[in-house]
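*Asks:* pasting the structure only:
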């Protein structure tokens, strides 16, 4: 397990992603899990921003979602390259 936490609008979000024995999986699995956690965290932060009227929280949440999208795209490219090599 590895925790990802962030203080979002005064609320503490703690996301645990558990993948049994990470060493048996390719590194991409961990990277995708972290990107997914970042996306969930960003959505939560955006929602808090909308609920409280805090535009900076909303913007930061959307930015985290964008970062997660880029990280997923990077992993997709790695997967395609690996398939092309195999």
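*Replies:* In hand now; what should we look at? These figures come from a predicted structure and were not determined experimentally.
*Asks:* does residue 59 really touch residue 49, like I thought?
*Replies:* Yes: in this structure residue 59 lies within contact range of residue 49 using C-beta atoms under 8 Å: 7.3 Å. Every C-beta, even on glycine, is put in place using the N, C-alpha and C of the backbone.
*Asks:* tell me which of these two has more neighbours.
*Replies:* Taking other C-beta atoms under 10 Å, residue 59 and residue 49 do not tie; residue 49 has more neighbours (20 against 13).
*Asks:* the more buried one belongs to a helix?
*Replies:* Yes: assessed by DSSP: H, G, I helix; E, B strand; the rest coil, residue 49 belongs to a helix.
*Asks:* and it, what's its pLDDT?
*Replies:* We have a pLDDT of 96 for residue 49.
*Asks:* helix or strand: which one has residue 83?
*Replies:* helix 55-85 (DSSP states H and E).
*Asks:* name the residues of that helix that come out as buried.
*Replies:* 57, 58, 60, 61, 64, 65, 68, 71, 72, 75 (16 or more other C-beta atoms under 10 Å).
*Asks:* can you lay out the residues you listed as TSV showing distance to residue 38 and pLDDT?
*Replies:* Below are the buried residues of helix 55-85 laid out as TSV (distance: C-beta to C-beta, whole Å; pLDDT from 0 to 100):
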residue	distance to residue 38	pLDDT
57	15	96
58	16	97
60	12	97
61	10	97
64	5	97
65	8	97
68	4	95
71	7	93
72	10	92
75	13	89
